[in-house]
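Colleague: return atomic coordinates for the entry below.
(chains A, B, C and D)
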Protein chains: 2
Amino acid sequence: MGRKAGIEKSDIAQAAARIADRDGLDAATLSAVARELGIKTPSLYNHVDGLEGLRRLLAIHGSEIVLSDFKAAVDGIEGAEALKALSEADREFASRHPGLYSSFLPAPTEESDPELYTAMAAPAFLVAHVMLDMGIPQEEALHLVRALRALLHGFLELEANRGFGMPIDIDESFDRSVDLMIEAITAAAARHK
Amino acid sequence: MGRKAGIEKSDIAQAAARIADRDGLDAATLSAVARELGIKTPSLYNHVDGLEGLRRLLAIHGSEIVLSDFKAAVDGIEGAEALKALSEADREFASRHPGLYSSFLPAPTEESDPELYTAMAAPAFLVAHVMLDMGIPQEEALHLVRALRALLHGFLELEANRGFGMPIDIDESFDRSVDLMIEAITAAAARHK
DNA sequence: CAGTATGTCTAAACCCTTTAGTCTTGTCAA
DNA sequence: TTGACAAGACTAAAGGGTTTAGACATACTG
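Modeller: Predicted coordinates:
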């Protein structure tokens, strides 16, 4: 056999994403991806640095989608409305791409993997930007970005993993939780007007 | 060889917890646990239903610790103060037992595994109880429990996985995020006085 | 004291990851 | 045109984890 299959890195990312979103991140093994692509497992090592490299590829792929979703979500709006749109876009992404969403943790540090770090930080920067535009001072904005991210991440992960036992409407819980956080952020902005 | 080792389920839970908290949940394999206990891997199947059973054991073990930590945290206090104490106890647990903390997801449903479900729901019920005692009507309390749980879970998981890139004080972010949420909960309580 | 249940073990299959080395094929320069 | 090289596939094989099956020793129980 020669080099006929012609696999590209993007083919690998897409196949892995398909598997991860369908069967869970753990199902996106090197052998499953190779099977999906019609090649043998060791051949993947010509494109990707082992299992860890595959996870990295997934995280980058996912971050790109999130960033473009976020950009579309805030297009033309700002302030509290933009934050709500970002929150909903985040939930939409997590629900459409559960496998990619799980690939975001553990996160790299800026030193351990600058490329991946940058790709993953971009959506967070976008959120921070909205808050800065609301007039919130930088340091406070960073704390508030963390609060919002934590709320969103926790909610989405609990939702995805059946962490919420009670039989009441989850959509409403999400709306209320997010609104509550956004109101607090709006109040912080007003305090600095 | 006969039956001399005399392994108990609690020995397995403790060994697995030690490994998971030290080297991560994924390191708590059947073979690592068997090694730690001085027996062979297949012998574990006499006590535990495979890898999944081991995870289940960890989650129950962790839930029991969380519940007792939570009970100690709220002892003698109530209202906003109790919520703050619970939040700090949660963070303390996650930092002391990162492996056990990760074992909580994915969560079972009440039908799929009633025993584990009950064990894991107990700490959440305790939080709900504090809110009900504050005078918040049941349905709203359930939404607010979700909001607080989401915030805490998201924060702790992001913190544990280096998800927060920015170089500002994480303790302060935690305090602010939690206070912000508790203020909203207090306001909801006041609305129903 | 005999029989049974318990709990350990060994053996073996299966799957996934990873390394090493082979071989085919496309490309590019002489 | 052709020969060398690089890319990218492959096979072979090792190593580790999970899991089942079956053997065997030890402790209880009547």
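Colleague: could you look up the SS state of A:Leu105?
Modeller: coil (DSSP: H, G, I helix; E, B strand; the rest coil).
Colleague: and the nearest residue in space to it that is not next to it in sequence, what does it touch?
Modeller: Excluding the flanking residues, the one nearest A:Leu105 by CB to CB, 6 or more residues apart in numbering or on different chains is B:Asn161, at 4.2 Å. Using the backbone N, CA and C atoms, a C-beta is placed for each residue, glycine as well. Shown in contact with B:Asn161 (CB atoms under 8 Å, 6 or more residues apart in numbering or on different chains): A:Leu105, A:Pro106, A:Ala107.
Colleague: what do you get for A:Asp179?
Modeller: Counting by CB under 8 Å, 6+ apart, A:Asp179 has contacts A:Lys84.
Colleague: what pLDDT does it get?
Modeller: Looking at A:Asp179, its pLDDT stands at 98.
Colleague: how about A:Arg3?
Modeller: On the pLDDT scale, A:Arg3 gets 56.
Colleague: re the thing from before, with respect to A:Glu64, which of the contacts of B:Asn161 is nearest?
Modeller: Using CB to CB, A:Ala107 comes nearest to A:Glu64 of these, at 15.7 Å.
Colleague: and stretch A:26-40, anywhere near DNA strand C?
Modeller: Yes - using CB under 7 Å from any atom of the strand, stretch A:26-40 reaches DNA strand C at A:Thr29, A:Leu30, A:Ser31, A:Ala32.
Colleague: the last one: which element?
Modeller: So that's A:Ala32. helix A:30-37 (DSSP states H and E).
Colleague: closest residue of chain A to chain B?
Modeller: A:Gly154 (2.6 Å; CB to the nearest CB).
Colleague: and A:Pro167, what are its phi and psi?
Modeller: phi -90, psi 50 (degrees, to the nearest 10).
Colleague: and it, what's its pLDDT?
Modeller: pLDDT, A:Pro167: 78.
Colleague: so where does the residue nearest to the spatial centre of chain A fall, helix or strand?
Modeller: Nearest to the mean C-alpha position of chain A, by CA atoms, centre = their mean, lies A:Tyr101 at 4.9 Å. When elements are assigned from DSSP H and E, A:Tyr101 belongs to helix A:98-102.
Colleague: show me what counts as buried in the helix or strand following that helix.
Modeller: Downstream of helix A:98-102, the first helix or strand assigned by DSSP H and E is helix A:114-133. Of the residues in helix A:114-133, A:116-117, A:119-121, A:123-124, A:126-128, A:130-132 count as buried by neighbour count, 16 or more other CB atoms under 10 Å in any protein chain shown.
Colleague: which helices and strands does helix A:114-133 pack with?
Modeller: helix A:50-74, helix A:79-96, helix A:138-160 (3 or more CB pairs under 8 Å, 6 or more residues apart in numbering or on different chains; DSSP states H and E).
Colleague: would you turn those into JSON lines with distance to A:Ala190, mean neighbour count and mean pLDDT?
Modeller: Shown next, in JSON lines, are the helices and strands packed on helix A:114-133 (distance: least, CB to CB, whole Å; neighbours: other CB atoms under 10 Å in any protein chain shown; pLDDT from 0 to 100):
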{"stretch": "helix A:50-74", "distance to A:Ala190": "20", "mean neighbour count": "18", "mean pLDDT": "98"}
{"stretch": "helix A:79-96", "distance to A:Ala190": "11", "mean neighbour count": "18", "mean pLDDT": "98"}
{"stretch": "helix A:138-160", "distance to A:Ala190": "13", "mean neighbour count": "22", "mean pLDDT": "97"}
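Colleague: redo these as TSV? Include distance to B:Gly50.
Modeller: Formatted as TSV, those follow (distance: least, CB to CB, whole Å):
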stretch	distance to B:Gly50
helix A:50-74	22
helix A:79-96	29
helix A:138-160	24
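Colleague: circling back to that earlier point, which pLDDT value belongs to the residue nearest to A:Leu105?
Modeller: 95.
Colleague: what's the separation between it and B:Ser102?
Modeller: For B:Asn161, the distance to B:Ser102 equals 10 Å [CB to CB, to the nearest Å].
Colleague: between the buried residues of helix A:114-133, which sits nearest DNA strand C?
Modeller: A:Leu116 (17.1 Å; CB to the nearest atom of the strand).
Colleague: identify the residues contacting the nearest residue to that closest one once chain neighbours are set aside.
Modeller: Spatial nearest neighbour of A:Leu116, excluding adjacent residues (CB to CB, 6+ apart): A:Pro108 at 4.9 Å. Neighbour list for A:Pro108: A:Leu116, A:Tyr117, A:Met120, B:Arg162 [criterion: CB under 8 Å, 6+ apart].
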